[in-house]
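Enquirer: what follows is a predicted protein model with its sequence.
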Amino acid sequence: MAHKDPSKFKIGTQLTLLGRNPGEQYGFVNSPVYRGSTVVFKSMDDIEAGRARFAYGTHGNPTIANLEDAWTALAGAAGTVMAPSGLGAISLALFASTKAGDHVLMPDCVYRPTRNFCTGILEKYGVAVEYYDPMIGAGIEKLMRPNTSTLFMEAPGSQSFEVQDVPAMCAVAKKRGVKTIIDNTWATPIFFRAHELGCDISLEAGTKYLGGHSDLLLGIVSANAATWPALRSAYDLISILPGPEDCFLALRGLRSMHLRLKEAERRGLEMAHWLKKRPEVLKVLHPAFPECPGHEFWKRDFTGSSGLFSVVLDPRYTRKGLAAMLDGLELFSMGFSWGGFESLVTPFDCAEYRTVTVWKPGGLAIRLQIGLEDMEDLKADLDQGFERLRKNS
Ligand SMILES: *Cc1c(COP(=O)(O)O)cnc(C)c1O
């Protein structure tokens, strides 16, 4: 049984069907892991003509291709490539869309390693990178120059959660012939239909909700029909691929991704509402909350929220108090990344790197990823943490 057109089904059904074909796998439900460098040809004719679906391991293999094809269907894209990390996906998308002499627009709220890639690599290769206020909307047109090639977006912002007006910005970019890229890690195609809303390239860290278990690194870059040939060509030239085991794990993650995301949404919202009522919390930065910048765009353009958000603490609390709170937590660990089964918390200060907007949230800020632990246990952990915060501030 192979379904030629899973797209006629609803998303949960699609996720059970995509990227596998039992008829070609001796009936086994899941596709096998293909490892390999060399691919052999049947004849001199074939090798001279390069007649093969995969001519060599650097062009991918059936395990990677299954994941690519599944994602293309899920994202409503024309094609997808897989990178060995989310940051690898970002660099690939930018390599595919820029050349020396170009001008690139980046939101000031962008994931910090993206900024580091721009400074350390793009600028070195003669690409001018200009940062913009993420809430600029259609006003982005004023920053466009004749040599602007790429408009990069991220919604919501990595730590600060501003939601950008993506359709308005894409409309301006399209009119000016500028390619648009969005980092869609937070919402995934399940909650944000990037290509349908006008983005040429949508990328994300499969490390987060696709993997879902903090046990792999993976990057995903999908493109619409107009942009796909350039993306695939850059990919084949650079040839930085994920390992097939990681793609196998990602295909496994794909089957339950919508369930995990919906649960992450439910838990994230419950915890955000609980935190909002705490006297220690000044404000909650969660796109589903009206005080989050761009909340109206989230309401209009997204069909859900995931389990990552930030809170700003009341200004009376000190760094020492926060350290006592975080150091003593039993269930929330301090660590980067998110989207796994375990709860995480990180302190952050965007003022360290912002260049065109001012980050002054009014108190110390922390970012939370709500995992699959019991909600009462998690609240009790934070409750005791707040007590340490109060006592040590
Ligand atoms: C984590 C993350 C990335 C990078 O993913 P890695 O696989 O960790 O390199 C990119 N963008 C956003 C928004 C992320 O949160």
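Expert: Received the coordinates, thanks.
Enquirer: switch to C-alpha atoms for all contacts and neighbour counts from now on
Expert: Noted.
Enquirer: which bits of the stretch 151-300 of the chain sit near the ligand?
Expert: Listed as neighbours of the ligand in the stretch 151-300 of the chain under the rule CA under 6 Å from any ligand atom: 158, 185, 205, 207, 217-219.
Enquirer: what about those residues, which are in strands?
Expert: Mapping these onto strands (DSSP state E) picks out 205, 219.
Enquirer: most neighbours of all the residues of the stretch 151-300 of the chain next to the ligand, which one?
Expert: Ala205 (29 neighbours; other CA atoms under 10 Å).
Enquirer: ranges for the helices of the stretch 151-300 of the chain?
Expert: Along the stretch 151-300 of the chain, counting by DSSP state H, counting those that start in this stretch, helices occupy 166-176, 188-191, 228-238, 244-276, 295-301.
Enquirer: quick one: the closest residue to Cys170 other than its chain neighbours from the ligand, how far?
Expert: Spatial nearest neighbour of Cys170, chain neighbours left out: Gly198 (5.6 Å); criterion: CA to CA, 6 or more residues apart in numbering. Going from Gly198 to the ligand by CA to the nearest ligand atom, to the nearest Å gives 19 Å.
Enquirer: now do Gly198 against Gly79, distance only.
Expert: Here the distance between Gly198 and Gly79 works out to 15 Å (CA to CA, to the nearest Å).
Enquirer: okay, these two: which has more neighbours?
Expert: Neighbours per residue (other CA under 10 Å) separate Gly198 from Gly79, with Gly79 holding more: 23 against 20.
Enquirer: for the ligand, what is the nearest residue in the stretch 201-350 of the chain?
Expert: Of all residues in the stretch 201-350 of the chain, Ala205 sits closest to the ligand, at 4.3 Å by CA to the nearest ligand atom.
Enquirer: need the contact list for the closest residue to that residue other than its chain neighbours.
Expert: Excluding the flanking residues, the one nearest Ala205 by CA to CA, 6+ apart is Gly86, at 3.8 Å. Contacts for Gly86 (CA atoms under 8 Å, 6 or more residues apart in numbering) come out as 203-207, 217-220.
Enquirer: can you pick out the most distant pair from these?
Expert: Farthest-apart pair in those is Leu203 and Leu217; separation 13.9 Å (CA to CA).
Enquirer: returning to that earlier point: correct me if wrong: the residue nearest to Cys170 contacts Ala173.
Expert: No: assessed by CA atoms under 8 Å, Gly198 is found out of contact with Ala173, at 9.5 Å.
Enquirer: pLDDT below threshold where in this structure?
Expert: Within the chain, the segments meeting pLDDT under 70 span 1-4.
Enquirer: ok and the residue in it nearest the ligand?
Expert: Taking CA to the nearest ligand atom, the chain has Gly86 as its residue nearest the ligand, at 3.3 Å.
Enquirer: would stretch 308-317 count as contacting the ligand?
Expert: No: counting by CA under 6 Å from any ligand atom, the ligand is not contacted by stretch 308-317; separation bottoms out at 9.6 Å.
Enquirer: from one end of that stretch to the other, what's the distance?
Expert: End-to-end distance of stretch 308-317: 23 Å, with CA to CA as the criterion.
Enquirer: chain center to that stretch: distance?
Expert: 24 Å (CA atoms, centre = their mean, to the nearest Å).
Enquirer: can you give me the buried ones in that stretch?
Expert: 308-314, 317 (16 or more other CA atoms under 10 Å).
Enquirer: again, but for stretch 21-28
Expert: For stretch 21-28, by 16+ other CA under 10 Å, it's Asn21.
Enquirer: got phi/psi on the nearest residue to Trp359 once chain neighbours are set aside?
Expert: Leaving out its chain neighbours, the residue that sits closest to Trp359 by CA to CA, 6+ apart is Ala351, at 5.2 Å. Dihedral angles of Ala351 (phi, psi; degrees, to the nearest 10) stand at phi -60, psi -20.
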